[in-house]
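Asker: fold the following for me, if possible:
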Amino acid sequence: MIMNNSFKIASKKNRYNILKNCILLFVFGQFFGNAVLSVCFVFLVISTIINLDSIRGVSKKMILVILLFFTFFFIHIISAALNTYNLKEFIKVEKFVPFFIFPFVFLVAKDYFTEQSFIHKCQCTYFLAANLSVVILTLIAIKNTIVTSNIIYFTYNEFTNPLGIQPIYYGAFYCLALIFGFEILGIYKKYKRSIIIGMFLLSLAIILVASRTAWIILTIILIVRLIPILKKNIKIRYISSVVLLGIVLLVVNNPTLKNRLFYSNSNISSYSGLSFRLKIWQNSMELISKKPVLGYGPYDTQLELQNKFLKENFRRAYFLKLNSHNQYLQTALESGMLGLLCLILLLLLLLFHARADTNKLLFFILICLSLLTESYFRRFNGILFFCYFYFFFLFVDDTKRKLNKQ
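Answerer: I've put the predicted structure just below:
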């Protein structure tokens with residue numbers, strides 16, 4: 001009997017350790033394309049299922065968040081069922097499954113996410129993976145530049161295409177890695193120089209991916225995190241001035257970066273630009289007004305947008321089959337005002353818990369701005385990023401409170 005109990009305890013511990021490693025693997029896989037990330041997600045789901053018996057008490061805060069995640073998921077299911085009569089197209093709603101899965105992941109792994117050491121491991125893993133992807137993309141860009149004698153491979157889509165992730169997603173991912181960099185800089189002082197080099201590489205990568213949204217987020221991060229340091233350290237002030245001058249020269253002398261920075265209000269014949277997006281948003285809002293409660297469903301939304309673009313003679317948007325380029329509008333189109341209300345409530349909850357936590361506040365800004373300029377949930381890696389780190393930052397809050405009580 002004693003041996004059987006010991007075996008069960010050992011078996012449960014091994015299963016739980018597998019879950020821990022799968023979480024770290026999932027965090028690492030964020031930067032290496034949908035195929036790698038999907039495999040990591042499958043491992044995470046399997047390791048969660050075999051540990052479901054580890055779920056214990058849930059705080060009131062987490063109950064509300066979990067209910068909102070479940071509601072958001074099921075509203076999309078209902079909207080798809082009401083608007084789609086093709087089973088093949090209805091199944092496409094599966095991309096929202098992470099909103100149902102991740103509450104269980106964090107409930108099962110609750111003990112890990114209330115340990116400061118594991119949180120630091122996650123941050124370090126994410127930071128290292130981000131830098132590894134920058135190195136890989138840079139080496140590929142160098143090779144392509146040598147072969148073609150064209151520096152275009154160092155910017156925007158040409159820079160990020162080799163790993164199959166769009167610039168705006170990489171921009172957000174690298175911004176979060178930079179936030180973690182500032183966090184671990186004060187923890188692992190032994191590796192201070194290496195961390196600073198990594199943070200510099202990430203900042204440079206954010207410039208090169210040429211996402212205007214990421215540039216704004218980067219500016220906010222540096223203002224919040226660097227100004228207190230610059231006031232105290234004259235040496236860092238001079239180094240930062242030189243780096244800033246170098247970045248300005250890089251942007252001014254690179255046609256792609258220069259156009260992205262100085263011509264943000266391009267006319268609607270351009271692929272991007274404020275005027276172009278405003279016209280897309282206007283078309284989206286007109287569609288929302290016709291079906292405000294549950295929207296058009298995840299599949300029919302794109303068909304309705306295509307018809308709208310054609311009717312308005314908005315040719316470039318029609319031929320490129322563009323979405324609304326705004327997750328708030330995209331959510332309202334796909335699941336109506338009910339879905340949008342769930343999303344806004346989730347963001348407000350995050351803001352409420354970010355009041356006394358700078359990193360969480362920066363993550364809130366990162367998410368809100370990213371959702372403003374891109375239909376973030378149209379891609380699976382965007383959904384996985386949102387779901388995982390939303391819960392991650394909520395658990396960080398619980399961990400800090402626990403430490404403060406002690």
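Asker: give me the secondary structure label for Ile165.
Answerer: For Ile165, the secondary structure call by DSSP: H, G, I helix; E, B strand; the rest coil comes out as coil.
Asker: close enough to count as contact, it and Gly29?
Answerer: No - the pair Ile165 and Gly29 does not pass the contact test of CB atoms under 8 Å, sitting 11.5 Å apart. For the C-beta atoms, the positions are set from N, CA and C on the backbone; glycine is no exception.
Asker: tell me where the model's unsure across the stretch 201-350 of the chain.
Answerer: Flagging of the stretch 201-350 of the chain using pLDDT under 70 yields the residue ranges 230-244, 247, 249-256, 258, 260-273.
Asker: which stretches of it form helices?
Answerer: Using DSSP state H, counting those that start in this stretch, the helices of the stretch 201-350 of the chain run over residues 212-232, 234-253, 255-262, 274-290, 300-311, 315-319, 327-352.
Asker: just name the most buried of the ones you listed.
Answerer: Each of those was scored by mean neighbour count; the highest is helix 327-352, a mean of 21, by mean count of other CB atoms under 10 Å.
Asker: okay, angle between that helix and helix 274-290 too, please.
Answerer: Direction vectors for helix 327-352 and helix 274-290, defined by axes from the mean of the first three to the mean of the last three CA atoms, to 10 degrees, enclose an angle of 90 degrees.
Asker: next SSE after helix 327-352?
Answerer: Past helix 327-352, heading to the C-terminal end, the next element that is a helix or strand (DSSP states H and E) is helix 358-373.
Asker: now do that following helix, average pLDDT.
Answerer: Helix 358-373 shows a mean pLDDT of 93.
Asker: elements contacting that helix?
Answerer: In this structure, helix 358-373 packs against helix 167-185, helix 212-232, helix 327-352, helix 380-405, with contacts taken as 3 or more CB pairs under 8 Å, 6 or more residues apart in numbering; DSSP states H and E.
Asker: change it to 6 Å
Answerer: helix 167-185, helix 212-232, helix 327-352 (3 or more CB pairs under 6 Å, 6 or more residues apart in numbering; DSSP states H and E).
Asker: can you lay out these as CSV showing distance to Pro292?
Answerer: Formatted as CSV, the entries for the helices and strands packed on helix 358-373 read as follows, by distance: least, CB to CB, whole Å:
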stretch, distance to Pro292
helix 167-185, 28
helix 212-232, 27
helix 327-352, 5
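Asker: wait, which of those is closest to Asn381?
Answerer: helix 167-185 (6.2 Å; CB to CB).
Asker: now the angle from the strand or helix carrying Lys61 to helix 300-311?
Answerer: In this structure, Lys61 sits in helix 60-83 according to DSSP H and E. Going by the same axes, to 10 degrees, helix 60-83 is angled at 60 degrees with respect to helix 300-311.
Asker: by contact count, what packs against helix 60-83?
Answerer: Where contact means 3+ CB pairs under 6 Å, 6+ apart, helix 60-83 is packed against helix 98-108, helix 327-352.
Asker: chain center to it: distance?
Answerer: Its chain's C-alpha centre lies 20 Å from the corresponding centre of helix 60-83 when counted by CA atoms, centre = their mean, to the nearest Å.
Asker: quick one: buried residues of it?
Answerer: Residues 62, 65-66, 68-69, 71-73, 75-80, 83 are the ones in helix 60-83 that count as buried (16 or more other CB atoms under 10 Å).
Asker: now for those residues, which pair is the farthest apart?
Answerer: Taking CB to CB as the measure, the buried residues of helix 60-83 reach their widest spread between Met62 and Asn83, a distance of 31.8 Å.
Asker: pLDDT averaged over stretch 27-41 - what is it?
Answerer: Mean pLDDT, taken over the full extent of stretch 27-41, equals 94.
Asker: could you point out which element follows the single longest helix found in the chain?
Answerer: Across the chain, the longest stretch assigned as helix under DSSP state H is helix 116-148. Helices and strands here follow DSSP H and E; after helix 116-148, the next one along the chain is helix 156-160.
Asker: would you mark the buried spots in that following helix?
Answerer: Taking 16+ other CB under 10 Å as the neighbour-count basis, helix 156-160 is seen to contain the buried residues Tyr156, Glu158, Phe159, Thr160.
Asker: distance to Gly186 added to the helices and strands packed on helix 60-83, as TSV?
Answerer: Formatted as TSV, the helices and strands packed on helix 60-83 follow (distance: least, CB to CB, whole Å):
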stretch	distance to Gly186
helix 98-108	26
helix 327-352	23
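Asker: mind checking how far His120 is from Leu361?
Answerer: Taking CB to CB, to the nearest Å as the measure, His120 and Leu361 are separated by 20 Å.
Asker: neighbour count for these two, which is higher?
Answerer: A side-by-side neighbour count of His120 and Leu361, using other CB atoms under 10 Å, places Leu361 first with 18 against 15.
Asker: burial count for the residue lying closest to that one once chain neighbours are set aside?
Answerer: Nearest-residue entry for Leu361: Ala354, 4.3 Å, with adjacent residues in sequence omitted and distances by CB to CB, 6 or more residues apart in numbering. Around Ala354 there are 19 other residues, counting by other CB under 10 Å.
Asker: give the contact list for Ala354.
Answerer: Residues in contact with Ala354 (CB atoms under 6 Å, 6 or more residues apart in numbering) are Lys360, Leu361, Phe364.
Asker: quick check: Leu333 touching Leu294?
Answerer: No - in this structure Leu333 lies outside contact range of Leu294 using CB atoms under 6 Å: 10.6 Å.
Asker: domain ranges for this protein, per the record?
Answerer: Using automatic domain parsing, the domains assigned to the chain come out as 1-54, 64-268+321-405.
Asker: for Asp300, find the nearest of those.
Answerer: domain 64-268+321-405 (4.7 Å).
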